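>>> Model the structure of this input:
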Amino acid sequence: MVVDVHGHVGHWSFPTSDLGRDDLIAQMDRWGIDITVVSSSMAVRYDFIEGNRWLDNELSPTDRLLGYVTVNLHYPKESVGQIKYYGNKRTGDGRASFVGVKIHPMIQNKRFDSRAGLQIAEAALEYDLPILIHTYGSERETPKQVLPVLQEFPELKVILAHAGGFDWHLAMDIAGSGPNVYAEICSSCTSSDKLVQLIDAFGARRVLFGTDTTLFHPGYALGMVHDAKLDQKVLQLLMGRNAIELFDLDTHGK
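Got it, this is the predicted structure:
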């Protein structure tokens, strides 16, 4: 099973593919992706409460898409409320539609290692929801901003989206900070060296496949994986097994 842990659905305000649920699933079929964990573009860039509500409706008819509860560091009280609401929610057949939390410090112009970030982290930990946090090498987005939060909540599961981007060495620097920090591979930097070095630093069980669809075509990340020429066992962990364990997808819907 191939699991893409970093996707989006909905409209963007700049030239890129606007894929709804059905179009995204069709794209997944073309590229051999079984499950994508998505956030709402509306929630990420505009209105996180309305965007989460819209995404909830999109997720209900399918088990191919799972959701991130998008939160906003400027509204910690409301963000915690969103985590509590969607963290408990189940579909009619007992499935959890939302399996993680999404944070984007660059768009929100606020760092995760803040009082608001700690409040959100505590709520995510309460519902055992991994946090996918956007990371690049800037001061606002550095992967190292997760360290103070992990010191407070060492059991919190954190996914470094993009693994620092072009500055993946910053992600590698904190690979040893605990067993609950994961690197996710997608970015405009598609060097196979990045992928191999992340696996060396984090270990094969803490690196996750992601595409950043619909902002990027899946071919970017799939090509990087292809060029890395990974051992078959490592490849299976990267492409799905690690995500299945992290999000508890073996018991999804039971």
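>>> if you go through the stretch 1-150 of the chain in chain order, where are the helices?
21-31, 41-45, 48-59, 76-88, 105-108, 115-126, 146-152 (DSSP state H, counting those that start in this stretch).
>>> Name the stretch among the ones you listed that sits most buried.
helix 41-45 (a mean of 22; mean count of other CB atoms under 10 Å). Using the backbone N, CA and C atoms, a C-beta is placed for each residue, glycine as well.
>>> Give me the contact list for that helix.
8-13, 49-52, 54-55, 70, 102, 104, 107, 214 (CB atoms under 8 Å, 6 or more residues apart in numbering).
>>> May I see the helices of the stretch 1-150 of the chain organised as TSV, with distance to residue 247 and mean pLDDT added?
What follows is these, written out as TSV (distance: least, CB to CB, whole Å; pLDDT from 0 to 100):
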stretch	distance to residue 247	mean pLDDT
helix 21-31	17	95
helix 41-45	19	94
helix 48-59	14	96
helix 76-88	13	96
helix 105-108	22	90
helix 115-126	13	97
helix 146-152	19	95
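>>> Export these as TSV, with columns for distance to residue 197.
Converted to TSV, the helices of the stretch 1-150 of the chain look like this (distance: least, CB to CB, whole Å):
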stretch	distance to residue 197
helix 21-31	25
helix 41-45	28
helix 48-59	34
helix 76-88	33
helix 105-108	24
helix 115-126	27
helix 146-152	19
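>>> so which of these gets nearest residue 177?
The closest of these to residue 177 is helix 146-152. By CB to CB, the value is 6.0 Å.
>>> Can you spell out which helices and strands pack onto the closest one?
helix 115-126, strand 158-161 (3 or more CB pairs under 8 Å, 6 or more residues apart in numbering; DSSP states H and E).
>>> returning to that earlier point: to residue 171, which of the helices of the stretch 1-150 of the chain lies closest?
So among these, helix 146-152 is nearest, using CB to CB, at 9.8 Å.
>>> How far off centre is the closest one?
18 Å (CA atoms, centre = their mean, to the nearest Å).
>>> Where does pLDDT dip in the stretch 151-254 of the chain?
251-254 (pLDDT under 70).
>>> can you give me the helices for it?
168-173, 192-202, 218-228, 232-236, 242-246.
>>> Figure out which of those is closest to residue 17.
helix 218-228 (10.8 Å).
>>> tell me the angle of that closest one relative to helix 192-202?
Relative orientation of helix 218-228 versus helix 192-202 (axes from the mean of the first three to the mean of the last three CA atoms, to 10 degrees): 70 degrees.
>>> for helix 218-228, packing partners?
helix 21-31, helix 192-202.
>>> May I see the buried residues of the last one?
Under the neighbour-count criterion of 16 or more other CB atoms under 10 Å, helix 192-202 has 194-199, 201-202 buried.
>>> before we move on, the earlier item: nearest to residue 74, of the helices of the stretch 151-254 of the chain?
helix 168-173 (24.7 Å).
>>> which strands and helices sit next to that closest one?
So helix 168-173, by 3+ CB pairs under 8 Å, 6+ apart, packs with helix 192-202.
>>> contact partners of the helix it packs on?
Contacts for helix 192-202 (CB under 8 Å, 6+ apart): 163, 168, 171-172, 175, 181-183, 185, 207, 224-225, 227-230, 234, 238.
>>> Right, I'll call it a day here.
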